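Asks: sequence plus the predicted model coming up.
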Amino acid sequence: MEAHRDWSRSNGLLGVVAREAMTRAARGTPQGQVLQTGRVLLELARADIHGNWSQFWLHTGFPKPYKLLDAADGARPSDSTWNGVPMSSDLHASLALAQTFTRVYEMSPVVPGGLVLALVSKQDSGATRALLTNGEISHPELLEVVQRELLGVALENLDQVIAAAPRQEGVHQDWTGLAADAAGSRTPDDLDLLTVISRAGQVLASSNGPLIARVLDEFTDEARAMGTHDAQEVLRYARTGFETVEPNNGQVLFALTERPSPAVAAVLRTAGISPPLVAAGAMEQLDAAADPPSIGVPVLVWTVANLVLTLMVIGLIIKHAAGPGSWWELGFVAAAMLGPPAVSAWVPGVLSLGLAVVNPVAGLVLAVEAVLGWVREQQERRALTARTGVPLSNAEHRAWLQRRRYTAGQLAAKDRALVPFRAMRSGLSQE
């Protein structure tokens with residue numbers, strides 16, 4: 001691990017405008033102080049003449065310049081600098097995330113909107129807090145506004161990339177200290193680590209940090225009585241398994257849920273989440289940050305074949321209903337559109353039997369589609385297990401696919417609807 005890094009020497013990382021804004025911010029930093037995210041954001045707003053800043057300020061409210069300059073980042077400085085000016089750990093983490101953007105999104109060099117996105121990726125950075133002071137938008141909404149107004153494009157799986165971004169030199173995550181703070185006078189355990197991660201605001205697309213935090217706040221004593229793992233044991237497992245001295249959120253979360261204690265398993269089930277589902281999601285995010293996924297030829301072939309068969313079934317149903325059949329047969333059109341991950345592949349298979357009674361050809365095609373859907377489902381499940389090392393049941397795999405479709409807000413609303421707060425205690429008691 002390097003003891004010092006001058007980010008100004010990272011040629012090709014930042015575009016001309018973003019680099020000039022960093023240089024001006026460093027030049028304007030008073031002697032003896034560290035360069036912080038708020039000052040960089042202010043210089044970006046002044047230098048970027050192509051960004052739609054007027055619309056951006058309409059959403060956030062225009063902060064006074066001195067508020068951005070006075071918005072302090074975390075107390076810990078980093079070992080990194082810009083042109084010799086020391087920077088905060090939050091700013092270092094932002095530049096490390098910008099470097100991740102160049103790999104994951106092929107954003108090279110990073111444009112001003114990309115750097116702004118990295119600056120406000122953490123909810124507690126000085127730049128983020130200055131923009132959220134008015135309370136008009138939430139942090140997830142702020143990330144959306146930056147992408148829409150300043151970057152001009154919506155980045156796929158941004159939450160996962162932020163959560164899984166590797167911590168680079170100069171930024172240290174003191175898991176032992178954080179767990180000890182959560183534990184108080186107790187010996188830290190895995191529930192304390194889960195508390196730290198769930199409250200960080202960056203958990204997983206396959207889980208819901210705020211909901212898990214609510215369960216922990218209300219029922220942590222009942223859960224802890226079921227049996228926990230020592231926090232140091234979990235951290236050793238993460239460090240050994242990922243061959244790192246400083247595991248990130250995703251790596252610790254995988255270590256917590258790949259072999260969960262009864263207490264962690266009970267908390268997650270009460271929040272409506274399967275522990276293997278969280279472990280698989282954590283590993284998927286780590287893989288996505290290191291090597292962004294692409295659409296392979298087999299997946300494309302399966303998708304096209306499924307579309308062709310679906311259109312064939314619908315056409316045969318409509319033709320038969322308009323000819324010798326009856327119009328009520330159009331109800332089978334819905335059956336032709338069912339399949340994984342919404343429902344098990346067996347559902348259209350069973351419906352094909354009923355369709356075959358009135359329309360044998362369409363029933364046969366639907367049966368073929370159901371069989372192909374089942375084969376594809378099994379292949380994808382085995383591929384996911386091979387990538388993550390976490391075996392999932394068919395139901396867990398479908399749930400994993402379905403939950404990837406939700407935004408953070410939709411997922412929170414879905415979880416609130418499925419897991420009423422009054423039912424949480426009964427969920428824990430069934431462990």
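Replies: On my side now, so go ahead.
Asks: domains of this structure?
Replies: 5-164, 175-292+422-429, 297-387 (automatic domain parsing).
Asks: just the pLDDT for Gly389.
Replies: Looking at Gly389, its pLDDT is 70.
Asks: repeat for Ala200
Replies: 50.
Asks: nearest residue to the middle of the protein?
Replies: Gln160 (2.8 Å; C-alpha atoms, centre = their mean).
Asks: returning to what we had before: let me have the domains of the chain in a markdown table, extended by distance to Ala399.
Replies: C-betas here are computed from N, CA, C, even on glycine. Converted to a markdown table, those look like this (distance: least, C-beta to C-beta, whole Å):
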| stretch | distance to Ala399 |
| --- | --- |
| domain 5-164 | 17 |
| domain 175-292+422-429 | 6 |
| domain 297-387 | 8 |
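Asks: so which of these gets nearest Glu396?
Replies: domain 175-292+422-429 (5.2 Å; C-beta to C-beta).
Asks: if we can go back for a sec, and the domains of the chain, which one averages the lowest pLDDT?
Replies: Taking the mean pLDDT of those, domain 175-292+422-429 comes last: a mean of 75.
Asks: so the residue sitting furthest away from the middle of the chain, which of the three states?
Replies: Relative to the mean C-alpha coordinate of the chain, counting by C-alpha atoms, centre = their mean, the farthest residue is Pro324 (51.7 Å). Judged by DSSP: H, G, I helix; E, B strand; the rest coil, the three-state class of Pro324 is coil.
Asks: from Leu355, how far out is it?
Replies: As judged by C-beta to C-beta, to the nearest Å, Pro324 and Leu355 stand 15 Å apart.
Asks: so who does the nearest residue to Arg129 once chain neighbours are set aside touch?
Replies: Residue nearest to Arg129 in three dimensions, not counting chain neighbours: Ala71, with 5.9 Å by C-beta to C-beta, 6 or more residues apart in numbering. Residues in contact with Ala71 (C-beta atoms under 8 Å, 6 or more residues apart in numbering) are Gln36, Thr37, Gly38, Gly126, Ala127, Arg129, Ala130.
Asks: now the spatially closest residue to Asp230 that is not a sequence neighbour, what are its backbone angles?
Replies: In space, and not counting its chain neighbours, Asp230 is closest to Asp189: 6.1 Å by C-beta to C-beta, 6+ apart. The phi/psi pair for Asp189 (degrees, to the nearest 10) reads phi -130, psi -170.
Asks: Asp189 reaches Arg224, doesn't it?
Replies: Yes: counting by C-beta atoms under 8 Å, a contact exists between Asp189 and Arg224, whose distance comes to 7.2 Å.
Asks: between the contacts of Ala71, which is closest to Arg239?
Replies: Nearest to Arg239 among the contacts of Ala71 is Thr37, at 29.0 Å by C-beta to C-beta.
Asks: ok, the closest one - how many residues close by?
Replies: When neighbours are counted by other C-beta atoms under 10 Å, Thr37 registers 31.
Asks: helix or strand for the nearest residue to it once chain neighbours are set aside, just tell me which one.
Replies: Nearest residue to Thr37, sequence neighbours excluded (C-beta to C-beta, 6+ apart): Ala127, at 3.9 Å. Following DSSP states H and E, one finds Ala127 within helix 126-131.
Asks: next SSE downstream of that helix?
Replies: By DSSP H and E, the next helix or strand past helix 126-131 is helix 139-145.
Asks: and the helix or strand that that following helix is followed by, what does it pack onto?
Replies: Later in the chain than helix 139-145, the nearest helix or strand by DSSP H and E is helix 158-164. Applying 3 or more C-beta pairs under 8 Å, 6 or more residues apart in numbering; DSSP states H and E, one finds that helix 158-164 makes contact with helix 89-104, helix 249-258, helix 275-290.
Asks: out of these, deepest packed?
Replies: With neighbours taken as mean count of other C-beta atoms under 10 Å, the helices and strands packed on helix 158-164 reach their highest mean count in helix 249-258, at a mean of 26.
Asks: now for it, which elements pack on it?
Replies: By 3+ C-beta pairs under 8 Å, 6+ apart, helix 249-258 packs against helix 158-164, helix 190-198, helix 231-242, helix 262-270, helix 275-290.
Asks: neighbours of the nearest residue to Trp175 once chain neighbours are set aside, how many?
Replies: Nearest residue to Trp175 in three dimensions, chain neighbours excluded: Leu235, at 5.5 Å (C-beta to C-beta, 6+ apart). Leu235 has 21 neighbouring residues, counting by other C-beta under 10 Å.
Asks: so Leu235 sits against Ala180, correct?
Replies: No: using C-beta under 8 Å as the test, Leu235 is too far from Ala180 to be in contact (11.8 Å).
Asks: figure out which of the helices and strands packed on helix 249-258 is closest to Pro86.
Replies: Nearest of the helices and strands packed on helix 249-258 (C-beta to C-beta): helix 158-164, 24.3 Å.
Asks: how far does that closest one sit from its chain's centre?
Replies: Distance of helix 158-164 from the chain centroid (C-alpha atoms, centre = their mean, to the nearest Å) equals 5 Å.
Asks: coming back round to it: tell me how far the helix holding Ala127 lies from the chain's centre.
Replies: Using C-alpha atoms, centre = their mean, the offset of helix 126-131 from its chain centre is 21 Å.
Asks: my read: Leu384 touches Arg398, true?
Replies: No: the pair Leu384 / Arg398 is not scored as a contact, 11.4 Å apart, by C-beta under 8 Å.
Asks: flag every buried residue along stretch 142-161.
Replies: Using 16 or more other C-beta atoms under 10 Å as the test for burial, stretch 142-161 gives 142-151, 155, 157-161.
Asks: let me fix that: stretch 258-265
Replies: Glu258, Pro260, Ser261, Ala263, Val264, Ala265.
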